[in-house]
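Undergrad: I would like the atomic coordinates for the input below:
(2 chains)
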Amino acid sequence: AQSVTQLDSHVSVSEGTPVLLRCNYSSSYSPSLFWYVQHPNKGLQLLLKYTSAATLVKGINGFEAEFKKSETSFHLTKPSAHMSDAAEYFCVVTGMNRDDKIIFGKGTRLHILP
Amino acid sequence: KAGVTQTPRYLIKTRGQQVTLSCSPISGHRSVSWYQQTPGQGLQFLFEYFSETQRNKGNFPGRFSGRQFSNSRSEMNVSTLELGDSALYLCASVPTPGQATYGYTFGSGTRLTVV
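TA: Presented below is the predicted three-dimensional model:
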């Protein structure tokens, strides 16, 4: 069985400072992991994905995430926050099999302080 | 190339009515899945369709149903609406279920309000 836990429901950072959104997963086999972003009243946009290639994954808008199997983590980072990054972020896990369901984390609301 | 298109964007319905939502996947994508998003429950999987067949189903009552057409467009229907059905309904597509690891593309959603 698979699960995903986003450790913070809200994160606040000042503009220009680093962003860290934490995600831990549980999977009995090699998972595929994703980060999605959702702006108000919008659908989800794929930021980046890990599918067993490089453990450090670079995404859009300067975001990146590192897959750490020993820590079962897939934290999302950005060196310098921008006001436009204010949104909700979802960590998502699915398996490599075609019958695997997609499991969403509860989401982390990122607030950017001026 | 056009993204996933969901119509309508907003709906207001009365308790007891039924509603049909539509989703057109990206051209060439044949797998469509539906999700309900509420502040309390977060994102919950409703069902997935591929080649006009329902492949997976989440834990929702039988009032929630769906179908997929030969052109891969999908509809979901909710009958006997309840206040708790108020939510953002999202649709996502991938080329085939086996390619889900490439990441789903989501539509902008349909905001359903039941009064």
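Undergrad: any weak-confidence spans in chain A?
TA: A:96-100 (pLDDT under 70).
Undergrad: mind running it again at 80?
TA: Applying pLDDT under 80 to chain A flags the ranges A:1-2, A:27-30, A:41, A:52-53, A:95-101.
Undergrad: Chain B too?
TA: For chain B, the ranges with pLDDT under 80 are B:1-2, B:98-102.
Undergrad: For it, what lies in contact range of chain A?
TA: Residues of chain B found near chain A (CB under 8 Å from any CB of the partner chain) are B:4, B:6, B:33, B:35, B:42-43, B:45, B:55-56, B:88, B:90, B:92, B:96-98, B:100-109, B:111. Yep, even glycine has a C-beta here, placed from its N, CA and C like the rest.
Undergrad: Mind checking which of the residues you listed land in strands?
TA: Taking DSSP state E, the ones among the residues of chain B next to chain A that sit in strands are B:6, B:33, B:35, B:42-43, B:45, B:55-56, B:88, B:90, B:92, B:105-106, B:111.
Undergrad: Turn those residues into a markdown table, columns for neighbour count.
TA: Shown next, in a markdown table, are these (neighbours: other CB atoms under 10 Å in any protein chain shown):
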| residue | neighbour count |
| --- | --- |
| B:6 | 21 |
| B:33 | 28 |
| B:35 | 25 |
| B:42 | 16 |
| B:43 | 22 |
| B:45 | 19 |
| B:55 | 15 |
| B:56 | 16 |
| B:88 | 19 |
| B:90 | 25 |
| B:92 | 26 |
| B:105 | 19 |
| B:106 | 22 |
| B:111 | 16 |
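Undergrad: Farthest-apart pair in these, please.
TA: Farthest-apart pair in those is B:55 and B:111; separation 26.4 Å (CB to CB).
Undergrad: Touching, residue A:75 and residue A:65? I think so.
TA: Yes. Contact status for residue A:75 versus residue A:65: in contact at 6.3 Å, counting by CB atoms under 8 Å.
Undergrad: Count the residues that sit near residue 108.
TA: Using chain A. Residue A:108: 21 surrounding residues under other CB atoms under 10 Å in any protein chain shown.
Undergrad: Not quite, go with chain B.
TA: 18.
Undergrad: ok, it - contacts?
TA: Going by CB atoms under 8 Å, 6 or more residues apart in numbering or on different chains, residue B:108 touches A:41, A:42, A:43, B:6, B:9.
Undergrad: If anything else comes up later, I'll come back, but that's it for now.
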